[in-house]
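Undergrad: one predicted model, sequence on top.
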Amino acid sequence: QKEVEQNSGPLSVPEGAIASLNCTYSDRGSQSFFWYRQYSGKSPELIMSIYSNGDKEDGRFTAQLNKASQYVSLLIRDSQPSDSATYLCAVNIRGYQKVTFGTGTKLQVIP
Amino acid sequence: KAGVTQTPRYLIKTRGQQVTLSCSPISGHRSVSWYQQTPGQGLQFLFEYFSETQRNKGNFPGRFSGRQFSNSRSEMNVSTLELGDSALYLCASSLGMPGLAGWSEQFFGPGTRLTVL
């Protein structure tokens, strides 16, 4: 079982729709969770971090964490073509500065 | 505040050579992590340094090594290069001290694209 799993996609959504990206992780000791966006040919950019169960909103982005189900998701409201990128889920076990990344979900927003 | 910088941005080497990559973290960040990114394997963790000490290491052969200096700048070295070492090498910095708000949030540099011929 992979430590961090994501559906590779591509996930295609029409412009203006909600994009839902999902991630599961295997280690129950995980405490910090991150979503990164990576455009083709660029390095990953941190867009959200979440540490406790529930929702965290930042603009059009909402991260959702459910530790009991070992599940973290990212919702992008009012998706724009500029949101087209690969989204990486990352997990950090508390006390260890070792972040494990999923393989990423490619999102395509269709104008 | 300036971001993470990496040098060089592009590098072409031949098999058997060695290479050194450099990373300067965000000012005030004491943790530097290195990753290898390839299309097939995604982002793979190499190692992490904090205050000149390696705290964590990934599953890479001993040909991959690193170090961190007192100013938190870090270097990564790959010896006896193989074709499979061709990849984007990314450096990420963070505060690194548990207990500080956002201590584990990592910010990436632009990467060094290494091509081994």
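TA: Great, that's in hand.
Undergrad: which residues are in contact with A:N22?
TA: By C-beta atoms under 8 Å, 6 or more residues apart in numbering or on different chains, the contact set of A:N22 is A:Q6, A:N7, A:Y71, A:V72, A:S73, A:T105. Just so you know, the C-beta spots here come from the backbone N, C-alpha and C atoms, and that holds for glycine as well.
Undergrad: could you redo the last one with a cut-off of 7 Å?
TA: A:N22 makes contact with A:Q6, A:N7, A:S73, according to C-beta atoms under 7 Å, 6 or more residues apart in numbering or on different chains.
Undergrad: got a list of what the residue located most distally from the centre of chain B touches?
TA: Using C-alpha atoms, centre = their mean, the residue of chain B lying farthest from its centre is B:G99. It sits 23.9 Å away. With contact set as C-beta under 7 Å, 6+ apart, B:G99 has no partners.
Undergrad: repeat for the one 10 residues further on
TA: B:G109 makes contacts with A:S43, B:V4, B:T5, B:Q6, B:C23, B:L90, B:C91, as judged by C-beta under 7 Å, 6+ apart.
Undergrad: chain B contacts on chain A?
TA: Where chain A comes near chain B, counting by C-beta under 7 Å from any C-beta of the partner chain, the residues are A:32, A:34, A:43-44, A:46, A:49, A:88, A:92, A:95-101, A:103-104.
Undergrad: is B:F50 bridged to anything, and to what?
TA: Judged by DSSP bridges, the bridge partners of B:F50 are B:S31, B:T53.
Undergrad: wait, it sits on B:S33?
TA: No: the pair B:F50 / B:S33 is not scored as a contact, 9.4 Å apart, by C-beta atoms under 7 Å.
Undergrad: which of these two has more neighbours?
TA: Each of B:F50 and B:S33 has its neighbours counted (other C-beta atoms under 10 Å in any protein chain shown); B:S33 has more, 28 against 20.
Undergrad: give the next helix or strand downstream of the one helix or strand in chain A whose mean pLDDT sits lowest.
TA: Ranked by mean pLDDT, DSSP states H and E, the weakest helix or strand in chain A is strand A:99-101, scoring a mean of 89. Next along the chain after strand A:99-101, taking DSSP states H and E as the criterion, comes strand A:105-110.
Undergrad: name every strand pairing with that following strand and say which way it goes.
TA: strand A:11-14 (parallel), strand A:85-93 (antiparallel).
Undergrad: ok, which stretches of the chain are strands?
TA: In the absence of a named chain, chain A is used. A:4-6, A:11-14, A:19-25, A:30-38, A:45-50, A:54-58, A:61-66, A:71-76, A:85-93, A:99-101, A:105-110 (DSSP state E).
Undergrad: other chain: chain B
TA: For chain B, the strands defined by DSSP E cover B:5-7, B:10-13, B:19-24, B:31-38, B:42-50, B:53-57, B:64-68, B:74-78, B:87-94, B:107-108, B:112-116.
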